[in-house]
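S.K.: could you work out the structure for the sequence below:
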Amino acid sequence: MSWLTINCQCGIATRIFTAFTPANVGKHFYKRSKPNFIIVLGCKCDYWKWVDDLLHPRVANLIHNLKKDKR
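M.R.: Purely as a prediction, here's the structure:
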């Protein structure tokens, strides 16, 4: 699977992590790594996002075009 490169709201690159909580075992999510180092850089956001919630830009564009053509 090809992962997207995602940045937090401050523009800092995120990494892919795997959840191990009972409700989400094995589910992947984006999160910043090394938060203490990043706070030094001035970024204090708590960004994280499920990988499944994000569409690849090509897929999003395809859906947009299909909806537009349907009108």
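
S.K.: next, A19: phi, psi?
M.R.: phi -80, psi 140 (degrees, to the nearest 10).

S.K.: in the chain, where is pLDDT below threshold?
M.R.: 1-3, 34-42, 54-55, 71 (pLDDT under 70).

S.K.: residue boundaries of the strands in it?
M.R.: With DSSP state E, the ranges of strands along the chain come out as 15-18, 28-31, 48-50.

S.K.: what would those strands look like in CSV with mean neighbour count?
M.R.: Bear in mind the C-beta positions are built from the backbone N, C-alpha and C, glycine included. Formatted as CSV, those follow (neighbours: other Cβ atoms under 10 Å):
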stretch, mean neighbour count
strand 15-18, 12
strand 28-31, 17
strand 48-50, 13
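
S.K.: columns distance to A60 on top of those, output as CSV?
M.R.: Conversion of the strands of the chain to CSV gives the following (distance: least, Cβ to Cβ, whole Å):
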stretch, distance to A60
strand 15-18, 19
strand 28-31, 16
strand 48-50, 15
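
S.K.: out of those strands, the one nearest I6 is which?
M.R.: Closest of the strands of the chain to I6 is strand 28-31, at 4.7 Å (criterion: Cβ to Cβ).

S.K.: hmm, who's touching the closest one?
M.R.: Residues from elsewhere that reach strand 28-31 (Cβ atoms under 8 Å, 6 or more residues apart in numbering): 6, 14-19, 47-52, 54.

S.K.: which of the strands of the chain sits closest to N65?
M.R.: Between the strands of the chain, strand 48-50 lies closest to N65; by Cβ to Cβ that is 24.4 Å.

S.K.: follow-up on the earlier one: going by distance to S33, which of the contacts of strand 28-31 wins?
M.R.: Checking the contacts of strand 28-31 against S33 with Cβ to Cβ, the nearest one is R15 at 4.8 Å.
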